[in-house]
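J.: Build me a model from this:
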Amino acid sequence: MTAGDTTPPGQVQNFAGVAGNAQVTLNWVNPADVDLKGVMIRYRTDGIFPANKSDGVLVADLAESARARGSFVHTGLTGGTAYSYSAFSYDAIPNYSSPAHAQATPVNVTITSLNPNQGSTGTAVVINGTGFGNLQGSNKVTFNGLTAAVSAWGATSITAAVPANATTGPVIVTVNGVQSNGMTFKVDGRLAAPSGVHVKE
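T.: Numbers count the residues shown, from 1 in each chain. So this is what the prediction gives:
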């Protein structure tokens, strides 16, 4: 940078957004300009990319160095909404580069309940939640890491059998590569006896 400098750094390269569960991970490579000071990222949700450093909503304003790889996770997003991002690199003046664009649509895959939440292998479990999609396709359900056989798949309800050799742990629904929250299913040989009832061994 020199006095009277009006030349901004180059654009960030390979700017891309990877959709996740109610979040988008943004990745990029900083330009080679040695006077690079930072990268500002802004977004809009109306299908239009922010046109300048004041347009849209600020996501991040990060101190960066030349040629380094940058990354930022934008969380708390609305599933099914397309987020249009613009990244602006800038120097100390500051002079801002023209924007680099990325777009991603996060999903919201959430398990709200398991019915039942305890049982033995082979037990049919109804998994209630949101964002599952109407068709199973390549999507899956796992019980503590083991893939379960699915007998019914809907946008808000899935029926799956506890797989053989399953152990107590989280049930997770994976939709288009995105994992839901985990909800614990207890695997045991039999259900606990009702209170006050003696079970003869």
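
J.: residues near Ala51, how many?
T.: Look at Ala51: counted by other CB atoms under 10 Å, it has 13 neighbours. Every residue, glycine included, has its C-beta placed from N, CA and C.

J.: Run a quick check on it versus Ser86, I expect a contact.
T.: Yes - between Ala51 and Ser86 there is a contact at 7.4 Å, judged by CB atoms under 8 Å.

J.: what touches both of those two?
T.: Common neighbours of Ala51 and Ser86 (criterion: CB atoms under 8 Å, 6 or more residues apart in numbering): Pro99.

J.: and Tyr83, what does it touch?
T.: Gly17, Val24, Tyr43, Arg44, Thr45, His74, Leu77, Gln103, Ala104, Thr105, Pro106.

J.: What of Asp61?
T.: Gly38, Val39, Met40, Ile41.

J.: so it is in which element?
T.: If you go by DSSP states H and E, Asp61 is part of strand 57-63.

J.: what's the spacing between that strand and its chain's center?
T.: 19 Å (CA atoms, centre = their mean, to the nearest Å).

J.: Pull out the CA atoms of that strand and give them to me as PDB.
T.: Once non-C-alpha atoms are left out, strand 57-63 reads as follows in PDB (Å, rounded to 0.1, in the frame of the first residue of the first chain):
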ATOM      1  CA  VAL A  57     -26.600  -8.400   5.800                       C
ATOM      2  CA  LEU A  58     -23.100  -8.700   7.200                       C
ATOM      3  CA  VAL A  59     -22.000 -12.300   7.900                       C
ATOM      4  CA  ALA A  60     -18.400 -11.900   8.800                       C
ATOM      5  CA  ASP A  61     -15.500  -9.300   8.700                       C
ATOM      6  CA  LEU A  62     -12.300 -11.300   9.100                       C
ATOM      7  CA  ALA A  63      -8.700 -10.300   9.300                       C
END
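
J.: strand partners of that strand, parallel vs antiparallel please.
T.: strand 38-44 (antiparallel) (DSSP bridges).

J.: List of residues touching the partner strand?
T.: 12, 26, 28, 30, 50, 53, 55-64, 70, 72, 74, 83-90, 96.

J.: Can you say which of those are buried?
T.: 12, 26, 28, 30, 50, 53, 56, 59-60, 64, 70, 72, 74, 83-90, 96 (16 or more other CB atoms under 10 Å).

J.: ok, back up a step: of the contacts of Tyr83, just the buried ones, ChimeraX syntax please.
T.: Entered in ChimeraX, the line below selects the buried ones among the contacts of Tyr83, by 16+ other CB under 10 Å:
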select :17,24,43,44,74,77,104,106
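
J.: Pull the most distant pair out of the contacts of Tyr83.
T.: Greatest spatial distance among the contacts of Tyr83 (CB to CB): Arg44 and Pro106, at 14.9 Å.
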